[in-house]
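>>> Provide a 3D model corresponding to the input given below.
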Amino acid sequence: MSFRLAVCAEMVYGELPLIERVRRIHDQDFAVELWDTRGRDIAALAATGATFSSMTGYFGGSVIDPANAHEVLASAEKLIPTALALGVERMVVHPAELGDGGHAVRPAHRSTGGMWLTGLRTLEKLGELGAKHGITFALENLNTVLDHPGIPLARAKDTLALVEAVNHPNVKMMLDLYHAQIGEGNLIELVRAAQPFTGEIQVADVPGRFEPGTGEINYPAVAAALRDAGYAGVIGMEAGAIGGQSIEAGDAALAAFRAAFSPN
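Numbers count the residues shown, from 1 in each chain. Okay, the predicted model is just below:
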């Protein structure tokens, strides 16, 4: 069973303009992940011919905050035309609003019933919006230990529980195994449990957030578990190259990523 492989253009080939990064990733037969698309030349990105697997799907509000969850929905709707122009398959949302450096805009270190209920209702509405336009919204798990302190309901077990409760075909999980390793571990059991609700998987090694093979995660074993579970979707490398931002380092990182998820 083969996976569809994607690479986040925001984190590799930093010495190149974004359009050239996208072209280089596409030329190596990978799909492309993007973050914030506002202010970017969407027509030029589309003209590269690349397949875009995901992009950030909102720019305001919090999925779990009743005071501003409506901003998530409003901003997601404003981004729909961009997603359609690029042929993006998944629009990514997070459990709460991220600020500078990925920290919580309104830090909270305890989850409440109100947060769960608001998250459920917001995701249900995002599912309706996605169904209208043929797009899936993907809720990404985050780690609160290192990269995203103060984000409630961020652990994989919580994001999975929310997606499972919504039970909508246009709401899935963006299962980030880098974040899950830092916050929870037990990745093989996690991918098995999450498989029916996973829209896309993101990977990077720990520590450092570099390409597979540079840290402690046995990604070939994870790949085997995913095949056994029947997963045949997108796996995206959201990681920097351990060798830096040069073209040579990026090429080496993409080759290592492909090798980790290719059948033996």
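>>> confirm Glu164 sits in a helix?
Yes: with DSSP: H, G, I helix; E, B strand; the rest coil as the criterion, Glu164 is part of a helix.
>>> ends of stretch 54-69, how far apart?
Length of stretch 54-69, first residue to last, CA to CA, to the nearest Å: 21 Å.
>>> and that stretch, average pLDDT?
For stretch 54-69, the mean per-residue pLDDT is 96.
>>> could you do stretch 8-23 as well?
On average, stretch 8-23 scores 98.
>>> now the end-to-end length of it.
End-to-end for stretch 8-23, by CA to CA: 12 Å.
>>> the helices in the stretch 101-250 of the chain, which residues?
Along the stretch 101-250 of the chain, counting by DSSP state H, counting those that start in this stretch, helices occupy 113-133, 156-166, 177-183, 187-194, 219-229, 247-260.
>>> output the third one as PDB, restricted to C-alpha atoms.
Listed in PDB are the C-alpha atoms of helix 177-183, where the atom choice follows Å, rounded to 0.1, in the frame of the first residue of the first chain:
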ATOM      1  CA  LEU A 177       3.000  12.700  15.100                       C
ATOM      2  CA  TYR A 178       5.800  15.200  16.000                       C
ATOM      3  CA  HIS A 179       3.400  16.800  18.500                       C
ATOM      4  CA  ALA A 180       2.000  13.500  19.700                       C
ATOM      5  CA  GLN A 181       5.500  12.100  20.400                       C
ATOM      6  CA  ILE A 182       6.400  15.100  22.600                       C
ATOM      7  CA  GLY A 183       3.100  15.200  24.400                       C
END
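>>> for it, which outside residues touch it?
Contacts to helix 177-183, defined as CB atoms under 8 Å, 6 or more residues apart in numbering, come from residues 140-148, 154-156, 187, 190-191, 201-206, 209, 216-217, 222, 238-239. No exception for glycine: its C-beta is placed from N, CA and C like everyone else's.
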